[in-house]
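Trainee: One predicted model, sequence on top.
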Amino acid sequence: MKKIAGGVTAANGFLANETQAGIKYVGRSDMALVYSIVPTVAAGTFTTNVVKAAPVRWDMKLLAEKQPIQAVVLNSGTANACTGEQGDINNQKMAEAVAEGLGIAATSVWTASTGVIGRQLPMDKVVAGAAALTENLEASLEAGNRAAKAIMTTDTVEKECAVQFEISGKTVTLGGMSKGSGMIHPNMATMLGVITTDAVISQAMLQKATSDAVKKSFNMISVDRDTSTNDSLMVMANGLAENAEINAEGADYDTFYEAMLYVLTFLAKKMAADGEGASKLIECKVINAASEEQAVTLSKSVITSNLTKAAVYGNDANWGRILCAMGYSGVQFDPDKIDLTIEGRETEEGPLTAGVSLKLVENGVGTDYSEEVATEILKSKIVTAIADMKCGTACATAWGCDLTHEYVNINADYRS
């Protein structure tokens, strides 16, 4: 497997477009369309929030019916959540407008919305935008990049990734885009994400790969402990790579799954690093735990702790915050066995800040570490905390971000 340039248009047969519909934003694109030239096998995961937006309900229905999805239309600025029956009608009209322009059935069009909750979509702008999206669709990587930018709300950077790999002698491509910066605490996927691949794969295996990869990627990030009403991850496989069909577990499925996991993890970490107001990515690795379930719970408890997030923002090596977060996680462990180490990097592949990993805690007790070195490490763009539980062999990694003054500023006037 190798990482390549691009996102949703990297795979064969996928086109994209974006347009300035003027739903909320002025002077920037706010609608995007991803289209496959042939019908696709589809899979997806959606928000666990009881309050589900109209597009989520539409998409879940189409997935349950195993409809052959051929397009995804997305808008930013208005969530179309808590909008009642009219919201459902408007959502269907958006799908129908795209379907008419593409000459396909409305039940072949997935929808996605993001933005302010409780406002109806301005349908004159949405319908006009949907019609514009179906014209001049492009397969270029630039078109995919523009689509990734169009779905941003408070995001500061677009998020896209693509990889290529071999299955049964054929080159297969898998790429995707996501958006999300606030209201990020998924128990399914992300704010919005679209994954495209030209692999030949059965619906059952595509759904399995999606669901399993989500558990280790998007379900392991948090910005603010708020699960959105609109979280949707939509996956389309159009089969144009012409590989032997992946219809059971085995070597080919494993290759495909690893590619899916890589792309979803890359996008998830980009979202965590781009959390609203964030200045740092926080990574927590729990190693040598009694079970994977325990390691997952412990690592997520650390990266969701507001006190830990604030301490990292302030470059304060207050390791008590981390142990406290682990202690109230609900996992039973021996606190007198824990070792806690921190590392810092400016980039994922870059050298360690200060050239060292710094052990703050050994066997549950603070070490005689250098506060100056700890502060330098915590100033890094990527701060990693490694908790060695010494009670098993299981491990898990979760990602979050620091809690800054800017987070409050953004969310204090989000609707204005």
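Mentor: Everything's here; your move. Since we're looking at a predicted model, the values are computed, not measured.
Trainee: Tell me the secondary structure of the nearest residue to residue 296 once chain neighbours are set aside, please.
Mentor: Excluding the flanking residues, the one nearest residue 296 by Cβ to Cβ, 6 or more residues apart in numbering is residue 396, at 4.4 Å. C-betas here are computed from N, CA, C, even on glycine. For residue 396, the assignment made with DSSP: H, G, I helix; E, B strand; the rest coil gives strand.
Trainee: so what's residue 80 closest to, chain neighbours aside?
Mentor: Closest to residue 80 by Cβ to Cβ, 6+ apart is residue 113, at 4.3 Å.
Trainee: Residue 167 too?
Mentor: Using Cβ to Cβ, 6+ apart and skipping residues adjacent in sequence, the residue nearest residue 167 is residue 243, 4.2 Å away.
Trainee: again with residue 337
Mentor: Closest residue to residue 337 apart from its sequence neighbours, by Cβ to Cβ, 6+ apart: residue 390 at 4.3 Å.
Trainee: repeat for residue 205
Mentor: residue 246 (5.2 Å).
Trainee: Next one: residue 236 from residue 361, what distance?
Mentor: Residue 236 sits 46 Å away from residue 361, going by Cβ to Cβ, to the nearest Å.
Trainee: Run through the stretch 301-416 of the chain and note the low-pLDDT ranges.
Mentor: The stretch 301-416 of the chain contains residues with pLDDT under 70 at 410-411, 414-416.
Trainee: got the residue ranges for the helices in it?
Mentor: Along the stretch 301-416 of the chain, counting by DSSP state H, counting those that start in this stretch, helices occupy 306-313, 319-327, 371-378, 405-412.
Trainee: would JSON lines of those with distance to residue 85 and mean neighbour count be doable?
Mentor: Compiled in JSON lines, the helices of the stretch 301-416 of the chain are given as follows (distance: least, Cβ to Cβ, whole Å; neighbours: other Cβ atoms under 10 Å):
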{"stretch": "helix 306-313", "distance to residue 85": "38", "mean neighbour count": "21"}
{"stretch": "helix 319-327", "distance to residue 85": "43", "mean neighbour count": "19"}
{"stretch": "helix 371-378", "distance to residue 85": "51", "mean neighbour count": "16"}
{"stretch": "helix 405-412", "distance to residue 85": "29", "mean neighbour count": "13"}
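Trainee: From one end of stretch 287-297 to the other, what's the distance?
Mentor: In stretch 287-297, first residue to last residue: 12 Å (Cα to Cα, to the nearest Å).
Trainee: So which bits of it are buried?
Mentor: Neighbour-count burial for stretch 287-297, counted by 16 or more other Cβ atoms under 10 Å, picks out 287-289, 292, 294-297.
Trainee: quick one: residue 43 and residue 210 touch, right?
Mentor: Yes. The criterion here is Cβ atoms under 8 Å, and residue 43 meets it with residue 210 at 4.4 Å.
Trainee: Look up the residues that both of these two are in contact with.
Mentor: Common neighbours of residue 43 and residue 210 (criterion: Cβ atoms under 8 Å, 6 or more residues apart in numbering): residue 235.
Trainee: Help me confirm that residue 98 comes into contact with residue 33.
Mentor: Yes. Counting by Cβ under 8 Å, residue 98 touches residue 33, with 6.5 Å between them.
Trainee: Which residues are in contact with each of those two?
Mentor: Here residue 98 and residue 33 share the contacting residues 71, 73, 130, 133-134, scored by Cβ under 8 Å, 6+ apart.
Trainee: Using TSV, lay out those residues together with neighbour count, distance to residue 262 and pLDDT.
Mentor: TSV is the format used below for the shared contacts of residue 98 and residue 33 (neighbours: other Cβ atoms under 10 Å; distance: Cβ to Cβ, whole Å; pLDDT from 0 to 100):
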residue	neighbour count	distance to residue 262	pLDDT
71	26	25	98
73	29	27	98
130	28	32	96
133	29	29	98
134	21	32	97
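Trainee: ok, back up a step: what are the phi and psi values for the residue nearest to residue 337?
Mentor: Main-chain torsions, residue 390, degrees, to the nearest 10: phi 60, psi 40.
Trainee: State the distance from it to residue 363.
Mentor: Going from residue 390 to residue 363 by Cβ to Cβ gives 9 Å.
Trainee: repeat for residue 23
Mentor: According to Cβ to Cβ, residue 23 and residue 363 sit 56 Å apart.
Trainee: and what of residue 115?
Mentor: Look at residue 115 and residue 363: by Cβ to Cβ, they are 49 Å apart.
Trainee: who has more neighbours, those two?
Mentor: residue 115 (22 against 12; other Cβ atoms under 10 Å).
Trainee: Tell me how many other residues surround residue 175.
Mentor: Residue 175 has 27 neighbours, counted by other Cβ under 10 Å.
Trainee: Contact partners for the nearest residue to it once chain neighbours are set aside?
Mentor: Nearest residue to residue 175 in three dimensions, chain neighbours excluded: residue 162, at 3.2 Å (Cβ to Cβ, 6+ apart). Applying Cβ under 8 Å, 6+ apart to residue 162 gives the contacts 3-7, 10-11, 173-176, 263.
Trainee: among those residues, which are in strands?
Mentor: Residues from the contacts of residue 162 lying in strands, with DSSP state E as the criterion: 3-4, 173-176.
Trainee: For residue 119, state which of those residues is nearest.
Mentor: Minimum distance to residue 119 across those is 27.8 Å, recorded for residue 176 (Cβ to Cβ).
Trainee: That closest one and residue 7 touch, don't they?
Mentor: Yes. Using Cβ under 8 Å, residue 176 is in contact with residue 7, at 6.2 Å.
Trainee: Give the residues shared as contacts by those two.
Mentor: Common neighbours of residue 176 and residue 7 (Cβ under 8 Å, 6+ apart) are 160-162.
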